[in-house]
Every structure is written in C-alpha cells, then in structure tokens.
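**Student:** below: sequence and its predicted model.
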Amino acid sequence: MAPVEAPVEKWAGKIRELKLGSGGRKSVTVGGSSSLPFVRFEGAQPHRPAIAIEIRDVEPRDWSSMLVSAWGDALKDPAKWAKKAAEYGADLLYVRLASAHPEEGNTGAAEARKTADAILSAVDLPLIFAGPDVADKDNEVLVAVSDVAKGQRVGLGNCVEKNHKTIAATCIADGHVAIAKTPIEINLAKQLNILLSDVGLAADSILMDPTTGALGYGLEYTYSVMERLRLAALMGDAMTSMPMICTVGEESWRQKESKSLDAPKSWGDATERALVWEEVTAIGLLASGGDIVVLRHPQTVAAVKSVLDKMFA
Amino acid sequence: MALSGIEIYKYLPKTNCKKCNFPTCLAFAMKVAARVVDISACPEVSAESKAALESAGRPPIRLVKFGPETHKVEVGNETVMFRHEKTFYHEPALLVRIKDTMPGAEMEKLVSEVNEYQVERVGKKLTMDGFALQNASKNPDKFVECVDLVMARSGLAMMLMSEDAAAMEVAAAKAAARKPLLHGANAGNLAAMIEVAKKHVCPLVVRETGGLSQLAELAEKAVQAGIEDIVLDPGVSDFKTSVDVLTNIRRQALKKNFRPLGYPVVTFPGEGAANVEEEAMLASLHIAKYGSVIVLDHFSSGVAYPLLTMRLNIYTDPQKPIQMAAGVYEVGAPKPDSPLCVTTNFSLTYFSVAGEIEASGFPTWLLICDTEGLSVLTAWAAGKFDSERIAKAVKQFNVGDKLSHKTIVLPGKVAVLRGELEDELPGWKVLVGPPEAMDIGGYFKRTWKA
C-alpha cells in the first residue's frame, strides 16, 4: 500500500498579524496563521494564542465567591489587581471600565483617565480597555483612555456599528487597535470590518470579537461562526482575516453552572465544575479559531497556559 | 460519499426495459440516488456493477455499533469536516477506563457512579456511555473478574482492553451477549485477535502508533481477514498532535475516500493530561475535532457535566434552530410577586434572556411562546410573535395563577405590541422591557418594585 500522505489544503489566504503593546510597553502578537487551528501539517502558526485576564475598574458586586476568594482584596484596587494578574501569567489584560455604565456609577472621562493612568503605570503588559457596552458612554471613556495611552497601542472596545466612526478615529489618531464586536453573525462581522476600513482604520488594527456563547449557552453558535470566519479568511477573504478575541470568563462565570453553590448532585463539586466550565469554553473557542481568550479565574489561566505550552512545545 | 443519479446511471444497462417499474434507466438511477428504491430492483444490472455501486455508495466513514441493545453505542458515519456544512451525526462515546488492578471496593464504587450518572439539560437526559476495561494486571483471571464485576453492576457498553488474545478470548466470551468493542489488534497479535472478534461477532480496534501508513495497512489486513467493524487507534493522547492526527484521518476518509482509514477513532485524553482539568480540555478537543470513542481516566460529576454539555453543543444540528418547548420557565426561584417576562422559543434568545435574568439577581417567570424557533424581531416580522400569540400563551399556561400581580414585560424590540396586548389581555398591565437582553438587569433595578 502506498504511504498515507497528509491531505494538505492549499489556502489562498492567512490570518493577519496583530500587535498589541508599544511605546516602551511589552507587546504581544497574535494571528499570522496559515492553517486551521492546531493543524500543523498544512501551514505555519507563528504565534500561539494569547491569554488575557479580565480586570474591572470597580469591585464587582455580582461575581462568584470562587472568583472573589481567588483575587481577594485586589478586586478593590484596579492597579493592584493588574499587578496580581501579571503575576498569574497573563499575556495581556482586558480592563473593563464597568463604572461608566449608567447603572453602575455613570463615571465619565475624568475617572476613566485616572483608572487608565493607574493601570498603565502599574504594569507593562499590553492592555485592552473595554467600555460598559453602552455606545455613547463607550465613546466618552474610550476616547479619554485613548489619549492617556497614546502611542502604547492598546485595544479599545467595544466598537460596534453605532460608534465605529468615533472609535476608529481615535484608534487612528493615537495608534490603537479597535475591538470590533458583532452579535454571532458572520456577515455582520465582515460588514463592521469593511465599515472600519472605509473610515481609514488599517486592517491590522482590528481585532474581531464575534461574541462569545459560553458552554451550554450558545457555544455552538460562536464555534461555527468563528470556524466560518476562519475558513473564509484562509480562502482569501481579506475582510474576515482579522484575529479574534473571545470573552470566555465573562460569559462562563455569569451562568448558573458557575455561580450556584447549592446545585443538584449531578452537577458535582461547584469549584471543579466552574473551573472546567471556563476551561472547556476556552478550549472549544481556541479550536474554532480564537486568538485571544479573556479569562477570569487564576487557576483557569494556569490550566489553559499549560495546555498551550504543550501544544506549542 | 453518496453517488449522484448520473454516476449510478453509468452502471445501469441503459436499455430502458422498464422492469424496475420506472420509465427509463435514468429515472431509476435518480430514485436510487434519492434512496427511494434499492439497486436490486433492476434485474438486468451485472453483478460487477452491483458490487461497484455498493462499494461506491458505502459511507466514507463506517458506522460501528457496540454495546447491548439497551445501551447501544453508534459511532462514525460522519459526512463533513465542519458542523456548519451539515451536521455531525453520531456523538462520540464517553467511556471511563477501569483497570483490573483497581481494588474491588473502589471499582464497585466507580462503576456505580458512572452507571447512575445522569444530568438533565434542555429537556435531554445526558449520560455516560460505558466503560473501558483494561487488563492491566496481565492476568486473564483478574480481567474476567473485572468484567464480571462491571457486568453485575451496569448494563452500559464496554470496550475490553488487552493485548493478550487468550485473555481477550475469555473476557469476550463472558461479555459476548453485550457486544463489547475489543481493543485490540496490533501488529503482533493481529491474527489471533481477529479470530476472537470473529468468533464473538464483536467490533475490533486496530492499534498502531507508528504512523497512519502502518495503521492503514493493519486495518486493511483486518478487512481482508473478514473484519468489517473496525475502530482505529492511532495513539491519540496528547495536546500537541491530537488535532493533527484526527484531522488527517477525517480528511483521508472524506476528501480522498481512502477506505483503510474510513473508520471511527478511539482517543485517550487522560494519558496526555497532567490533571483532571487538562483531561477535560483534551477530551473537549477530541469531541470538537473528530474523536469517536473517548476514554477518560477520571470520573467526577463536576467534569462529566461540562463534557456532556460540550458534546451536546457540538453535535447539535445547526440546520435546525434548537427550540425551547413553549411554557413558563422559572429563572432563579421566582415567587408570586416576581416579574414575568415573555420572549420567543429560539434557544439562543432563551439562553440570552435567561442568562441575563440569572445574572441580574431578580428571580423571574419567563414565558416562552412558540415562534417556531425564530428570534424576537424575525418572529415579529413573520407574524409568529404577535399580541394574539402572546395572549394565547398567557392563557394556555395559566400564567396568572402563579402570580400575585398581572404585569407582563415585553421585549423592547416589540414595544409596538403593547397596546394590542393590553386589548387582548383585559386587566393586565403591559410593560416594555429593554431591546437588548444585556440591559435586563439594569431595567429590573430601575423599574421593578415587588
């Protein structure tokens, strides 16, 4: 019998490289892959996926007690939290400016500047800043952060169709990356990339957030949309070839499987279940094309990191 | 790969004799392609053509069945590389490995735990598929004792693992009525294992970790010796090469129609994992990327639940939107004075809304209307989510009986229905909630006073 040869697909395109962090700050580069995730016989995967840790500018009130005990007092101080996250091995930090939400304090540009400043000086990791996901508040706080972080190439999000012009303009002016978020739909994802390109934002300054469905809560939709985006990019579609970020921790830890301490017996040990829930969501979305996973629990970070070490050894 | 009508036509006599009861050979070919009639309905087709057709029409990945009728496992017969291309059909079996060196009491406990494990999700009961019993002691008597113990405590499917054909023979003889999967044949014991598999009519695993060429050769030898039901074991057990090897095998079968690798594949995520969490991640990777029988080395409910959920998610048919059954759902533990929200039965809509309600800390009654799996705006546009349907659902499920108030919250995107719904539901107050699920928490905080 003739020897079995690896059935290599000849892809016309590849995923764009995207760099976060500059101007004296550490940097991380993701993307650049010319194959499907973890398929090493058909193309180079020059950069391993990166792990971001999510931190918030105010102490979260509704986080699981497992997260609260893991982070302790750091939850009360974003700069301290950032340092601790760096110690736990994050490649970058995802800073949620939650206090700007009209329901959560409605803080504005001044507060955002202060927070950004504190975190920028506390750690030298690459950073992503996310607003409260209320378009006009996002514009207010992200433009302020953009100015404070000028030249340090941070990510700014979320950029949606409604506010894309403002976010794109500030990213262009200050040398940042836009996090383009769309609701689990391949055409909307592509459309937003086109809109951002039309207003002059370079394609290598766009990171796609296709919206994460956690395990058991729409994971399969996100999984397939990401696979389709990745395949379209490999087939040569330049407007779907941006790397992707998945907010795994945020989605996983809000579900009752991760929060309930008094669950049915069949759900098993609460801590084990919650950690595995976040880890399995992460690995599923890495397998479908995720380039950055944003995690919450330090133990999940260690576990996913160890797995990526093995994969890219 | 299924043949097209034209491809089948090439094998027919092309005489239009009508003996098949179709007007022409081409018409008949089309019906065969559509699986309406069998090729044997043509009395004129030559034996060679028939054989060629049957072979070409065989699925590229064989469907392999094992386990007793009551807990049958079916793996393989997949037709696509990506679930969005069609769907994945046969969920991978999740087996828990038990070595015959395990102390008896421990073994009994583990078998009972796995056997009884059941968790409910979206109205489905999820369970483990069975056990992989390994003759780690190398002692045939111990192996048979282990088989006895498991069979006495569980009716689930079994994979028997021994390299020693003599040990396998006695174990397979014990378990034959439950049709175990035999693991298995390798380059050293092939002929003897094939005899055991044939004698007891069991599917056989062919193991070869030296590369896919060698694995294909070994599988081909098993086929030539008359074994049809084969499961491949290329030694998939680590993070680095799993996706590589499993993708390669799936592509050989689907893209190249390469028969010797057109079988389900068994994987061992526990072997390459440093701890339980890593094992869960590697098993998840094998669920997503082409594992068919997945052997776990640990069992605990806290890991089984997410793994079974992962399997459910990946093997959900993307062509059919998953629909929630219409009805009143309790999110949190709502009381009579808790809010009542209404939305559509598209599963993603349900999960978004239920997830946000859960996160809001406000226990809520959630009324799900049958909108045939459409989301809020789409259903409204299609006339499947209007005031009439909502009012009907309120009455049908006697929602009012659960409440101490008569207030219902509409999705913000269908605010336009408010007036009509108040007309349809006399005595009810209709409120308009936020257009996006993510704002539900804030909405409750602002407006809801119990």
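**Tutor:** Done, it's in.
**Student:** going forward, measure contacts and count neighbours with C-alpha atoms only.
**Tutor:** Fine.
**Student:** wait, what's in contact with residue B:144?
**Tutor:** By Cα atoms under 8 Å, 6 or more residues apart in numbering or on different chains, residue B:144 lies in contact with B:170-171, B:174.
**Student:** okay, those residues in CSV with neighbour count and pLDDT next?
**Tutor:** What follows is the contacts of residue B:144, written out as CSV (neighbours: other Cα atoms under 10 Å in any protein chain shown; pLDDT from 0 to 100):
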residue, neighbour count, pLDDT
B:170, 16, 97
B:171, 27, 97
B:174, 15, 96
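**Student:** nearest to residue A:271, out of those: which one, please.
**Tutor:** Using Cα to Cα, residue B:171 comes nearest to residue A:271 of the contacts of residue B:144, at 39.1 Å.
**Student:** helix/strand/coil for the closest one?
**Tutor:** helix (DSSP: H, G, I helix; E, B strand; the rest coil).
**Student:** does the residue lying closest to it once chain neighbours are set aside belong to a helix, a strand or coil?
**Tutor:** Nearest non-adjacent residue to residue B:171, counting by Cα to Cα, 6 or more residues apart in numbering or on different chains: residue B:144, 5.3 Å away. Under three-state DSSP, residue B:144 falls in the helix class.
**Student:** ok, residue B:144 to residue B:162 distance?
**Tutor:** Using Cα to Cα, to the nearest Å, residue B:144 is found at 11 Å from residue B:162.
**Student:** picking that back up, per-residue confidence for the residue nearest to residue B:171?
**Tutor:** Looking at residue B:144, its pLDDT is 97.
**Student:** before we move on, what about residue B:372?
**Tutor:** Predicted confidence (pLDDT) for residue B:372: 89.
**Student:** what's the answer for residue B:257, then?
**Tutor:** Looking at residue B:257, its pLDDT reads 87.
**Student:** wait, it touches residue B:60, no?
**Tutor:** Yes - with contacts counted by Cα atoms under 8 Å, residue B:257 reaches residue B:60, the gap being 5.9 Å.
**Student:** higher neighbour count, the two?
**Tutor:** Each of residue B:257 and residue B:60 has its neighbours counted (other Cα atoms under 10 Å in any protein chain shown); residue B:60 has more, 27 against 17.
**Student:** surely that one is within a helix?
**Tutor:** No - in this structure, residue B:60 is coil, not part of a helix, as judged by three-state DSSP.
**Student:** ok, it - contacts?
**Tutor:** Counting by Cα under 8 Å, 6+ apart, residue B:60 touches B:1, B:77-79, B:253-254, B:257-259, B:262.
**Student:** re the thing from before, distance of the residue nearest to residue B:171 relative to residue B:133?
**Tutor:** If you go by Cα to Cα, the gap between residue B:144 and residue B:133 works out to 10 Å.
**Student:** equivalent analysis for residue A:158, please.
**Tutor:** Residue A:158 is 51 Å from residue B:133, by Cα to Cα.
**Student:** follow-up on the earlier one: chain A: which of the contacts of residue B:60 is nearest?
**Tutor:** When the contacts of residue B:60 are compared for distance to chain A (Cα to the nearest Cα), residue B:258 wins out at 9.3 Å.
**Student:** need the pLDDT of the nearest residue to the closest one once chain neighbours are set aside.
**Tutor:** Sequence neighbours aside, residue B:252 is the residue nearest to residue B:258 in space, at 5.4 Å (criterion: Cα to Cα, 6+ apart). Per-residue confidence at residue B:252 stands at 95 (pLDDT).
**Student:** and if you look at residue B:272?
**Tutor:** For residue B:272, the predicted pLDDT is 90.
**Student:** and if you look at residue B:48?
**Tutor:** At residue B:48, the model reports a pLDDT of 83.
**Student:** using the three-state scheme, assign it.
**Tutor:** helix.
**Student:** next, name the residue at the spatial heart of the chain.
**Tutor:** Defaulting to chain A. residue A:245 (3.7 Å; Cα atoms, centre = their mean).
**Student:** not quite, I wanted chain B
**Tutor:** residue B:91 (2.6 Å).
**Student:** show me what from the stretch 1-150 of chain B comes close to chain A.
**Tutor:** B:82-84, B:117-119 (Cα under 8 Å from any Cα of the partner chain).
**Student:** what would those look like in TSV with pLDDT and secondary structure?
**Tutor:** Converted to TSV, the residues of the stretch 1-150 of chain B next to chain A look like this (pLDDT from 0 to 100; DSSP: H, G, I helix; E, B strand; the rest coil):
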residue	pLDDT	secondary structure
B:82	97	coil
B:83	96	helix
B:84	95	helix
B:117	97	coil
B:118	96	coil
B:119	95	strand
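**Student:** ok, so of those residues, who is nearest residue A:163?
**Tutor:** Of all these, residue A:163 sits closest to residue B:84, with 31.0 Å by Cα to Cα.
**Student:** quick revisit: make a PyMOL selection of the buried ones in the contacts of residue B:60.
**Tutor:** Those of these that count as buried under 16 or more other Cα atoms under 10 Å in any protein chain shown are selected in PyMOL with:
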select buried, chain B and resi 77+78+79+253+254+257+258+259+262
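**Student:** what about the contacts of residue B:60, which are in helices?
**Tutor:** Residues from the contacts of residue B:60 lying in helices, with DSSP state H as the criterion: B:253-254.
**Student:** would you agree residue B:318 is in contact with residue B:82?
**Tutor:** No - with contacts counted by Cα under 8 Å, residue B:318 stays clear of residue B:82, the gap being 10.7 Å.
**Student:** which residue does the stretch 101-250 of chain A have closest to chain B?
**Tutor:** Nearest residue of the stretch 101-250 of chain A to chain B: residue A:220, at 5.3 Å (Cα to the nearest Cα).
**Student:** the helix or strand hosting that residue - contacts with which helices or strands?
**Tutor:** Element membership for residue A:220 (DSSP states H and E) is helix A:219-234. Applying 3 or more Cα pairs under 8 Å, 6 or more residues apart in numbering or on different chains; DSSP states H and E, we find helix A:219-234 packed against helix A:186-198, helix A:270-287, helix B:301-314.
**Student:** measure the spatially closest residue to residue B:387 that is not a sequence neighbour to residue B:104 for me?
**Tutor:** Nearest residue to residue B:387, sequence neighbours excluded (Cα to Cα, 6+ apart): residue B:421, at 4.7 Å. For residue B:421, the distance to residue B:104 (Cα to Cα) stands at 65 Å.
**Student:** quick one: contacts for whichever residue of the stretch 1-150 of chain B sits closest to chain A?
**Tutor:** Here the stretch 1-150 of chain B gets closest to chain A at one residue, residue B:119, 5.7 Å apart by Cα to the nearest Cα. By Cα under 8 Å, 6+ apart, the residues touching residue B:119 are A:266-267, B:125-127, B:305.
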